[in-house]
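Peer 1: pasted the sequence and its predicted model underneath.
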Amino acid sequence: MTEQKPLFVDLDGTLIDKDLSNLAFWDSLKKRPILTLIYLFFFIFYGKSFLKEKISKDYKIPFDQIKFNKSCLDFIRNIKNHHRAVYLISGSHQNLVDQLNEKLKIFFEVFGTKRGFNMVGYNKVLYITNELKFRNFDYIGNSKKDLPIWNYTKNIIYTNANNNLLKIIMTSSLPKTHIESNFIFI
Amino acid sequence: MIKLYKGKPPKKEFKPLLKYQNLEFKKKIDLKIINEFFIEFPEEKRGRKNFKSKEILNIKALLYNQIIQKSKLIDADCVVSIDEKVVNDTVIIQVSYFKNND
C-alpha cells in the first residue's frame, strides 16, 4: 500500500452490520405501502437506482439500532494517520451515505447510488476510474459483489466475509488483508 | 476558517473534493432597475459612470457569498477560484473546493 493510494470503504456489511437500502425499503413499505408497491412496479422500467432514490428520500437512519465494525473503523483511522484519503463508496443512496458521513465525520468524501447509476460491483470501479480519475486505490469490502473491484485493485482487503466468499478469497493468488469483524453500538 | 486561493492550494495541506471541482456559479446582470431609476430621475445620472462594471462587482460579491455558503455546507476548508468571466450579461465564477485531510 503506497502512501498516496486512496482507500475506498464499502458500507453495508463492511462498516455497519445492516443494509441501509433494505432498512429504508422496509420502512417505506411500513409507512407508505401502496406508494412503495408503485415504486416497485416502476423499478422494473427505471432500475434499482430509481427505487433506492424513492425509498431513501425521507428515511432517517436509526443509528441507535446499527452496529459499527470497530476493527474496520480502527483500520480507517490508521490509514488516515498516514495522511491517505479515505472515501466511502456504497450501493446505498447518496441521501443515506450523507447522513452516515454526518454521524461519523471520518471520510474525506462519500459516494452513493445516484439517479441512473447504481454504485454496486464493477460500477464502483467505473466510477472511481472514470469519474474520480483514480487508477490506483485500495478497497475494503465484504461480499461477492466486491470481487471485480479486488480484481482491479489487485489487493483484497476484506472483513465480515461469509464462507462462500472466504473460499473464493483463499483460492485467489492476490495479496490479502483480513480485518476482524467486531460490530458494536457507538 | 475557509481559505481562498486564486491559484492552486498547497498540495500537502489540501486535497480536492472530487465531487466539487470546476463548479460554476452564475448570475445575470440586471440593469433594469438602475435604468428605470435614471429615466425617472435623469439629474441623478450626472457625474455617474460605469454602472455596468459596478453592477458586475456587486454581483461578484453576491456570488462569492454563495460560494462561501456552499463551502460551509459541504464542509470544505479551501476554495480555489479558477475563472471569473462575463458572458452575455451573465457573471460566471468557476471554483473548486478542497479539504484538509487531517
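Peer 2: That came in fine, so what should we check first?
Peer 1: CA atoms of the lengthiest strand in chain A as CSV?
Peer 2: Longest strand in chain A, counting residues (DSSP state E): strand A:86-93. What follows is strand A:86-93, C-alpha atoms only, in CSV (Å, rounded to 0.1, in the frame of the first residue of the first chain):
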residue,chain,number,x,y,z
VAL,A,86,-10.4,7.6,2.9
TYR,A,87,-13.6,7.6,0.8
LEU,A,88,-16.9,5.8,1.5
ILE,A,89,-18.4,4.2,-1.6
SER,A,90,-21.7,2.4,-1.2
GLY,A,91,-24.6,0.9,-3.1
SER,A,92,-27.0,2.8,-0.7
HIS,A,93,-28.4,6.0,-1.9
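Peer 1: got the buried residues for stretch A:49-63?
Peer 2: A:Ser49, A:Phe50, A:Leu51, A:Lys52, A:Glu53, A:Lys54, A:Ile55, A:Ser56, A:Tyr59, A:Ile61 (16 or more other Cβ atoms under 10 Å in any protein chain shown). C-betas here are computed from N, CA, C, even on glycine.
Peer 1: quick one: the strands in chain B, in order.
Peer 2: B:3-5, B:14-16, B:23-28, B:78-87, B:90-100.
Peer 1: need the pLDDT of the closest residue to chain A within chain B.
Peer 2: For chain B and chain A, the shortest gap (Cβ to the nearest Cβ) falls at B:Leu18, measuring 4.9 Å. pLDDT, B:Leu18: 92.
Peer 1: hmm, it is touching A:Ile128, no?
Peer 2: No. The criterion here is Cβ atoms under 8 Å, and B:Leu18 misses it with A:Ile128 at 9.6 Å.
Peer 1: and those two? which has more neighbours close in?
Peer 2: Neighbours per residue (other Cβ atoms under 10 Å in any protein chain shown) separate B:Leu18 from A:Ile128, with A:Ile128 holding more: 24 against 19.
Peer 1: residues near the closest residue to A:Asp146 other than its chain neighbours, how many?
Peer 2: Distances taken as Cβ to Cβ, 6 or more residues apart in numbering or on different chains place A:Asp10 nearest to A:Asp146, at 6.3 Å, with adjacent residues excluded. Neighbours of A:Asp10 under the rule other Cβ under 10 Å: 29.
Peer 1: wait, doesn't A:Asp10 sit right on A:Ser90?
Peer 2: Yes. The pair A:Asp10 / A:Ser90 is scored as a contact, 6.3 Å apart, by Cβ under 8 Å.
Peer 1: per-domain residue ranges of chain A.
Peer 2: Here the domain assignment for chain A is A:7-18+A:63-185, A:20-56, based on automatic domain parsing.
Peer 1: how about CSV for the ones you listed, with mean pLDDT added?
Peer 2: Below are these laid out as CSV (pLDDT from 0 to 100):
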stretch, mean pLDDT
domain A:7-18+A:63-185, 95
domain A:20-56, 94
